[in-house]
Every structure is written in structure tokens, then in C-alpha cells.
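*Asks:* This is a predicted model, with the sequence first.
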Amino acid sequence: MRTETPRSTLPARDHLLADAGGAGGAAGAPVIDVVVPVYNEEKDLEPCVLRLHEHLARTFPYAFRITVADNASTDRTPEVARRLARSLPGVRSFRLEEKGRGRALRTVWTHSDAPVLAYMDVDLSTDLNALLPLVAPLISGHSDLAIGSRLARSSRVVRGTKRELISRAYNIVLRSSLAAQFSDAQCGFKAIRREVAQRLLPMVEDTGWFFDTEMLVLAERAGLRIHEVPVDWVDDPDSTVHIVRTATDDLKGVWRVGRALAVGALPLDRLARPFGDDPRDRGIGGVPGGLARQLVGFCVVGALSTLFYLALYSLFRLGAGPQLANGAALLVSAVANTAANRRLTFGVRGRGGAVRHQAQGLVVFAIGLALTSGSLAALGAASGSPSHTTELAVLIAANLAATVLRFLLFRAWVFPDRDGASDRAADRAADRAADRAADRAGDRASDRAGDRCGETAGPAHAVGPPAPAAVPVPAPAAETTHHLRNAR
């Protein structure tokens with residue numbers, strides 16, 4: 001069952017600042033939380049975490065945390081995770097009583113206080129040198145999600161033929177069925193900004209291996225920016241992933257997500273965010289917002305509708321007169337044209353207002369019918385018995401005129417843009433000004449509170465933000481094992 005997400009849009013992306021306490025895992029609140037989901041990995045877990053921790057402590061310029069997410073392991077994996085959490089600063093362990101990589105990531109990411117959330121597979125098949133390039137676009141505010149890609153041209157991959165073919169076939173399925181543009185959905189090397197995860201994860205239903213794909217498809221459809229990093233990757237020959245069962249579950253997930261997107265069942269508008277200093281955020285005087293994109297979409301739909309109309313007219317003309325054939329063909333193509341323009345050209349989703357839009361579209365159809373029928377009547381009066389080719393030529397010319405009029409009526413009457421681009425830009429500017437004013441007010445209140453605390457507790461007493469109760473940052477030698485039962 002999906003969790004309701006807030007209806008307001010996402011805030012503009014901002015650059016994350018390095019923690020003043022230093023780059024070590026124990027210094028201050030982490031900027032990145034790297035999750036390692038595991039199930040029965042008692043042999044590989046300790047060398048993985050030691051290697052990852054050493055790499056981050058040596059090369060990563062921001063405070064970090066490593067979280068071992070144990071998916072109901074039945075071997076010594078929980079014991080190893082607890083020992084690592086006690087001995088290494090910035091390492092903690094989670095224990096889940098249900099299996100599922102997606103469930104583990106959703107649970108840890110939902111409760112984490114780090115602004116950037118990442119995960120990698122325990123076998124560390126991906127070269128760790130790609131970690132900083134993976135999260136850098138998220139830290140800088142450039143992108144919303146980042147993924148490692150084994151299928152990029154510059155990637156270097158060592159794996160068997162069977163897995164290579166399966167990976168590329170799955171990529172083809174995603175591109176053909178869900179129009180996915182990202183290149184590698186299943187590489188276990190991804191990151192996401194926390195504010196995006198808070199909105200996106202409640203929409204993701206899968207709790208297993210399809211979790212990655214579903215998250216990426218929804219993010220891409222919502223217009224979020226996905227950054228891809230070519231990686232060097234060496235296949236783990238001892239992988240315990242069941243290929244046939246995983247492939248079957250993935251295909252079921254593709255069908256479910258495709259159906260939900262087709263009927264508009266997902267509130268993707270809640271993932272919209274302003275794009276900072278993007279030209280689309282600025283109102284340009286005299287230029288209606290989205291006109292160029294709408295013209296392109298309308299022309300494509302119009303060209304296809306015209307071909308559809310001419311095919312119907314030629315078919316109906318075999319058994320009826322020109323006026324009846326024209327009216328029937330125009331009626332059927334007009335209904336299809338209105339539906340296509342509603343969704344593709346003007347971006348109207350869902351069923352709300354669909355009947356009204358079709359009724360208004362029929363009025364536009366009547367105007368087009370008057371134009372084309374009048375043209376046919378004028379042709380008949382002028383030449384008596386025109387040839388079929390002449391009729392089609394006259395109808396094409398009349399339809400071009402009707403198309404221009406149809407676009408104007410669609411834009412101004414059927415699907416009007418009630419909020420102009422300048423109004424939206426002004427609203428965004430007002431929102432940003434209000435946010436800055438609120439931040440300044442909060443800073444002043446914090447300063448006054450700090451002054452009062454300094455007067456009572458002495459100059460050595462520091463006042464800082466309270467640590468989040470849900471996910472405390474562990475002390476270097478403290479055990480931080482959490483038991484989350486029935487989490488999803």
C-alpha cells in the first residue's frame with residue numbers, strides 16, 4: 001500500500017557544504033550514507049566494509065557513514081555487522097526481519113539523516129574510484145539521482161557471456177516498453193538526494209531486485225535529472241542471485257509500472273522541482289510559455305491524424321458519398337486527435353475534465369467540418385464531377401487551414417494555460433524570497449538562543465542542532481544495531 005506524499009513541489013537543488021568537523025566518518029553529521037544490503041554474507045561482509053571504510057577515510061572529502069542493512073540473514077552475518085559497528089567509526093548495522101534488497105534500501109534511506117544516500121553491493125564488483133564521481137553531481141546540486149553504468153561505451157566490464165546478454169536484453173525491454181533512457185538499471189551502484197528519496201520512495205512498490213528499475217523509471221518520467229557514471233566492473237562468480245526468478249519478477253514489475261503510467265495512476269507531479277537559475281524559470285515578455293514544445297507536439301500529432309483521416313476517408317468513400325465519408329472520417333480522427341493532444345501536446349494527465357475536453361474538441365471538429373465540407377461543396381460547384389485525386393488535394397489544403405485554427409482553439413480555449421510563464425516565475429521568486437526570509441529569521445532566533453545559553457552555561461558550552469531521534473549518528477565504539485520488524 002502506497003504512502004501519501006506531500007503535495008508541494010520539491011525545493012530547488014542547492015550545493016551541500018562540507019562538514020566543518022572534517023572528512024572522517026565520526027566527525028559531525030554525515031554528508032553521505034553508503035548502504036550495503038546483505039543476506040547471508042558472513043564471509044564477504046567484513047573485507048567489504050574494511051575496504052570501503054579505508055577508501056572513504058583516505059579519499060572522500062566529506063563526512064560519511066556506512067550502514068550494513070542485514071536482510072534477515074540466517075548465518076553469522078548479523079554478528080559480523082555488529083562487530084564492525086563496534087570497531088569502526090562511522091559504521092552502523094541495521095537488522096530487518098524480512099528479505100528484500102528494495103525493502104532494506106527503502107527502510108535505511110527513509111530513516112537516514114544524510115543529505116546524500118547511496119548503496120553498493122557487498123561484493124564490491126564496481127571500482128570504488130567511481131564513488132566520488134557518482135555522488136559529486138548530487139552534492140553540487142546538479143542532479144537528483146546518479147547511477148553507475150556498465151553499458152556505457154567507456155566502461156570496462158569483465159563478466160560472462162550469459163550475464164552480458166541478459167543485461168543487454170533487459171535494457172532493450174525497458175527501452176521498448178517503458179521508454180527508459182538510462183542505460184543500466186541493475187548495476188548495484190547508485191545514489192539519490194534525500195529530499196528526492198522522501199518523495200519518490202513511497203511511490204515505489206517493489207521490495208526486491210526490481211526496486212532500482214522502478215525508482216529510475218518513475219524519476220525519469222517525473223523529469224528528475226539522472227546522472228550516469230561509466231564504471232569498471234568485475235563480475236562476482238559466486239553471486240547468489242537467482243537469474244530466472246529475478247528475470248520473471250522484473251518482467252512482472254515492468255508490466256505493473258507500465259500499466260500504472262498508462263492510466264496516470266502515479267502522482268508524478270509531486271516530484272516536480274524548480275530548476276534554480278534555469279532559463280525556463282524566467283518569464284520572457286511576449287513569448288507564451290511552452291509554445292515551441294506545444295507546436296512540435298501538435299505538428300507530430302496533426303501529421304499522424306491527417307494520415308489517419310485520409311485513410312479513413314478513402315475507406316469510407318468506397319461505400320458512401322464524399323460528404324458522408326468526410327464527416328465520418330473527420331469525427332473519428334477528431335476524437336483520437338483530441339485525446340492525443342490532451343496528453344502529449346498539452347500535458348494533461350488523469351481523467352479529470354476528459355469529457356469536457358472531448359466536448360470542446362467536437363466543437364472544434366464542427367468548425368473543421370464546416371471548412372472541409374465547404375471546400376468540397378465549392379469544388380463540386382466549380383467542376384461538376386472532380387476526380388478522387390482532386391478531392392484529396394482540396395481536402396489536404398482545407399485540413400491545413402483547419403489544423404492552424406484547431407491549434408489556436410486548443411491552446412486558447414480547450415487546454416488554456418491559466419498560469420502564464422511570468423506569473424509562475426513571479427511565484428517562484430516570491431517563494432524563494434519567503435524561504436530566504438524564513439532562514440534569516442531562524443538564524444536570528446538561533447543566535448539569540450545561543451546567546452542566552454552562553455549566559456547561563458558559560459562560554460565553553462556549545463549549542464548545536466539535536467541529533468535525529470530516528471537515526472542517531474553512532475559514536476566510534478558504540479553498537480548501533482536497530483531491529484526493524486515488518487518494515488516495508
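*Replies:* That came through fine.
*Asks:* rest of the way, CA atoms for contacts and neighbours
*Replies:* Will do.
*Asks:* Quick check: which ranges of the stretch 201-350 of the chain have low pLDDT?
*Replies:* 237-242, 273-290 (pLDDT under 70).
*Asks:* Would you state the strands of it in chain order?
*Replies:* Ranges of strands within the stretch 201-350 of the chain are 226-230, 232-234, based on DSSP state E, counting those that start in this stretch.
*Asks:* Check those for me and report the most buried one.
*Replies:* strand 226-230 (a mean of 20; mean count of other CA atoms under 10 Å).
*Asks:* Return the distance of it from the chain's centre.
*Replies:* In terms of CA atoms, centre = their mean, to the nearest Å, the centre of strand 226-230 is found 14 Å from the chain centre.
*Asks:* Relative to it, what are the paired strands and their orientations?
*Replies:* Strand 226-230 has its sheet partners listed here by DSSP bridges as strand 145-149 (parallel).
*Asks:* so how far is the strand it pairs with from its chain's centroid?
*Replies:* Centroid separation between strand 145-149 and its chain, computed with CA atoms, centre = their mean, is 12 Å.
*Asks:* Which among the strands of the stretch 201-350 of the chain is found nearest to residue 297?
*Replies:* strand 226-230 (24.0 Å; CA to CA).
*Asks:* With adjacent residues omitted, what lies nearest to residue 14?
*Replies:* Spatial nearest neighbour of residue 14, chain neighbours left out: residue 141 (4.8 Å); criterion: CA to CA, 6 or more residues apart in numbering.
*Asks:* so what's that neighbour up against?
*Replies:* By CA atoms under 8 Å, 6 or more residues apart in numbering, the contact list for residue 141 reads 13, 14, 15, 16.
*Asks:* Quick check: phi and psi at it.
*Replies:* When read as degrees, to the nearest 10, the backbone of residue 141 gives phi 90, psi 10.
*Asks:* Next one: it, what pLDDT does it get?
*Replies:* Residue 141 is assigned 90 on the pLDDT scale.
*Asks:* same question, residue 96
*Replies:* Confidence score, pLDDT, at residue 96: 93.
*Asks:* on that earlier part again, which members of the contacts of residue 141 are classed as buried?
*Replies:* Burial by neighbour count, 16 or more other CA atoms under 10 Å: within the contacts of residue 141 this picks out residue 13.
*Asks:* what's the closest of the contacts of residue 141 to residue 396?
*Replies:* Closest to residue 396 out of the contacts of residue 141 is residue 13 (48.6 Å), distances taken as CA to CA.
*Asks:* Make sure that closest one is actually in contact with residue 139.
*Replies:* No. Using CA atoms under 8 Å, residue 13 is not in contact with residue 139; the gap is 9.3 Å.
*Asks:* Tell me how many other residues surround residue 185.
*Replies:* Neighbours of residue 185 under the rule other CA atoms under 10 Å: 25.
*Asks:* My read is that it contacts residue 171, right?
*Replies:* Yes. Applying CA under 8 Å, one finds residue 185 in contact with residue 171, separated by 7.5 Å.
*Asks:* which residues are in contact with both of those two?
*Replies:* By CA under 8 Å, 6+ apart, no residue touches both residue 185 and residue 171.
*Asks:* returning to what we had before: and the contacts of residue 141 as a markdown table, adding pLDDT and secondary structure?
*Replies:* Shown next, in a markdown table, are the contacts of residue 141 (pLDDT from 0 to 100; DSSP: H, G, I helix; E, B strand; the rest coil):
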| residue | pLDDT | secondary structure |
| --- | --- | --- |
| 13 | 79 | coil |
| 14 | 77 | coil |
| 15 | 81 | coil |
| 16 | 81 | coil |
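*Asks:* What are the boundaries of the strands in the stretch 51-200 of the chain?
*Replies:* Assigned by DSSP E, counting those that start in this stretch, the strands in the stretch 51-200 of the chain fall at 64-71, 91-96, 116-120, 145-149, 156-158, 189-193.
*Asks:* In TSV, list the ones you listed along with distance to residue 29.
*Replies:* As requested, the strands of the stretch 51-200 of the chain are arranged in TSV below (distance: least, CA to CA, whole Å):
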stretch	distance to residue 29
strand 64-71	8
strand 91-96	13
strand 116-120	12
strand 145-149	21
strand 156-158	35
strand 189-193	15
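*Asks:* and residue 376, which of these is closest to it?
*Replies:* Per CA to CA, nearest to residue 376 of the strands of the stretch 51-200 of the chain: strand 145-149, 56.2 Å.
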